[in-house]
Each structure stands twice: as structure tokens, then as C-alpha cells.
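Peer 1: Just to be clear, the model below is a prediction. Sequence and coordinates:
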Amino acid sequence: MAAPRDSREILNDSPPTPAPERLVYGPEPLQFGDWRVPDGDDSAPLVVLFHGGGWKSTFNLIHAGHMAIALTDEGYRTFNVEYRRVGDPGGGWRGSFDDVLASIDYVLGRPDVDRDHVVLAGHSAGGHLALLAASERKLPVVAMAAGSDLVGWQSESALAFLGDPRHAAEASPRNRIPLGVRQIFVHGSDDDQVPAWLSAAFVEAARAAGDDAELVELPAAGHFDMIDPQSVHWPRLVESVRAILG
């Protein structure tokens, strides 16, 4: 097991090895994703990944590539999705979410993808978008340090994403409970960017509404630990994916 490391380092890591294939799911320049397949296994279960970064164009899919590679090494196909963000033409609410839905519809339309072996997984802002998508496309989701309630909690970047605070209600996953799909929330107890109580409160409300929801709290973990394959907390993320996909 890797030695503990500062979770923030992942944003400064060298870029991962480029994906063998980049797939285009729409006509806009940022509507693409990196496709990875384990040892040529075209029937392996699929993890559709949505990176975080406060919904801002400052951050892209590159840092999530490390997670995608590690999950592919675990035997999963991965689609690491790029999408328009705040600062990009058409980004923010609701363009970013439209891109996420389009990317999911694209992979579900592939003949080599069985929707019964697909999980959505998103970190931070990507976790927020993955939860929204799970509610509409009825796919299970692993939400990592997700901004799951834009009514009860709003950061500066969340407000920038919304554009108008009046969009908070329709853009908040918490308002979509019950989602009607399995949900696993992974959150670090020491997250100083997205508070851990958001996930705990969501899971409690989801269970009360009849959803199959689970909270995996990572003691002493920060915002990025669960997406960093070099973190001691990384195995818990893999376990969460396996709990859904096997």
C-alpha cells in the first residue's frame, strides 16, 4: 500500500499516459472523452467518469486520467468525460449538465455497452453532475466529495456555475430524491472544500425516501484522496465501484 501523501499533490502531478482512444460524443470542441479498455476486454464493465474542478474551465479531465488508468488496471473500461464548464462557451447551468447527459447517451448507444454493467462516478463538481444524471438516466452512481445540495450549501464556484441563484432548486441533486438508483457516497472527513455533512445528509434523506444509498466516510481524508491512486484511501474507492459492478 502506498505511503500517505498530500492529497492536493494530484493536481500538480505529471499528466498521465494518454488514452489509446479519444471518443467524440457531440459537435462542440469540448464534447469528448478518453476511452480505456483493460487488456482489450471489450465486454468489461464500464465506469463513466466526470472530473471535478468547481465547474470551472481552469480544470479539465487530465488529473482524472490517473484515476481512469488505475480503474482500468482493476479490470474496468473507463470513459473519462470532458464537458463545457464556466468560462467555456455554453458552460455552466445548464450546458455542462447537457454535455454530461449527451456523453452518457453516447456510450449507452454503443453496441458493446450493456447498461446493466455501467456506473456513473464523479468527483466534486463532477459528482454533482453525476448525481443529476443518475436521476435522469437511472444508472447507479458513485459520488465522490460531491456538491450534492446547491440549496443548502453554495460555494462561490457553485454560484458562478448557477449563473442565477434561482436555478439552485432545479440544479440540486438533493431536490431529486428519491433518485431511484443505487448510490454510494465517498467523502473525506477532513474535506475543506466540500463539507462531508453534505453526503451524510443526502444519504440519510435518500434512505428515508426508499433509495438504496450508502455513505463511505474516509477518516482524516481530504478532498482529493479518493481519486488519487497513490493515496491510502484509494482502495475504498475501488471497493465502492466493485460493490456496484462486481
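Peer 2: Yes, it's here. If you're wondering where the values come from, they're calculated on a predicted model, not measured in any experiment.
Peer 1: which element is the most centrally placed residue in the chain on?
Peer 2: The residue lying closest to the centre of the chain (C-alpha atoms, centre = their mean) is Gly122, at 0.5 Å. Secondary-structure assignment from DSSP states H and E places Gly122 in strand 118-123.
Peer 1: Now do the helices in this protein.
Peer 2: Read by DSSP state H, the chain holds these helices, from start to end of the chain: 65-73, 95-108, 125-137, 156-162, 168-171, 197-208, 234-245.
Peer 1: which stretch among these comes nearest Pro29?
Peer 2: Within the helices of the chain, the stretch nearest Pro29 is helix 95-108; the backing value is 11.3 Å (C-beta to C-beta). C-beta: built from backbone N, CA, C; applies to glycine.
Peer 1: can you give me how far the closest one is from the chain middle?
Peer 2: The offset between the C-alpha centroid of helix 95-108 and the centroid of the whole chain comes to 13 Å, using C-alpha atoms, centre = their mean, to the nearest Å.
Peer 1: Can you give the contact residues for that helix?
Peer 2: For helix 95-108, the external contacting residues (C-beta atoms under 8 Å, 6 or more residues apart in numbering) are 23, 25-26, 28, 30-31, 33, 46, 48, 50, 55, 79, 81, 83-86, 113, 115, 118, 120, 129-130, 132-133, 136-137, 139, 161, 171.
Peer 1: same thing but 7 Å
Peer 2: For helix 95-108, the surrounding residues in contact (C-beta atoms under 7 Å, 6 or more residues apart in numbering) are 25-26, 31, 33, 46, 48, 50, 55, 79, 81, 83-85, 113, 115, 129, 132-133, 136-137.
Peer 1: Show me which of those residues are buried.
Peer 2: Among these, those buried by neighbour count (16 or more other C-beta atoms under 10 Å) are 25-26, 31, 33, 46, 48, 50, 55, 79, 81, 83-85, 113, 129, 132-133, 137.
Peer 1: how close does the residue lying closest to Pro20 once chain neighbours are set aside sit to Leu49?
Peer 2: In space, not counting the residues next to it along the chain, Pro20 is nearest to Arg36; the distance is 6.7 Å by C-beta to C-beta, 6 or more residues apart in numbering. From Arg36 across to Leu49, the span is 10 Å (C-beta to C-beta, to the nearest Å).
Peer 1: Return every residue with contacts to both of the two.
Peer 2: Between them, Arg36 and Leu49 have 68, 78 as joint contacts when contacts are counted by C-beta under 7 Å, 6+ apart.
Peer 1: the more surrounded of those two?
Peer 2: Neighbours per residue (other C-beta atoms under 10 Å) separate Arg36 from Leu49, with Leu49 holding more: 28 against 22.
Peer 1: how close does the closest residue to that one other than its chain neighbours sit to Glu21?
Peer 2: Nearest residue to Leu49, sequence neighbours excluded (C-beta to C-beta, 6+ apart): Asn80, at 4.7 Å. Using C-beta to C-beta, Asn80 is found at 11 Å from Glu21.
Peer 1: That concludes my questions; thank you for your assistance.
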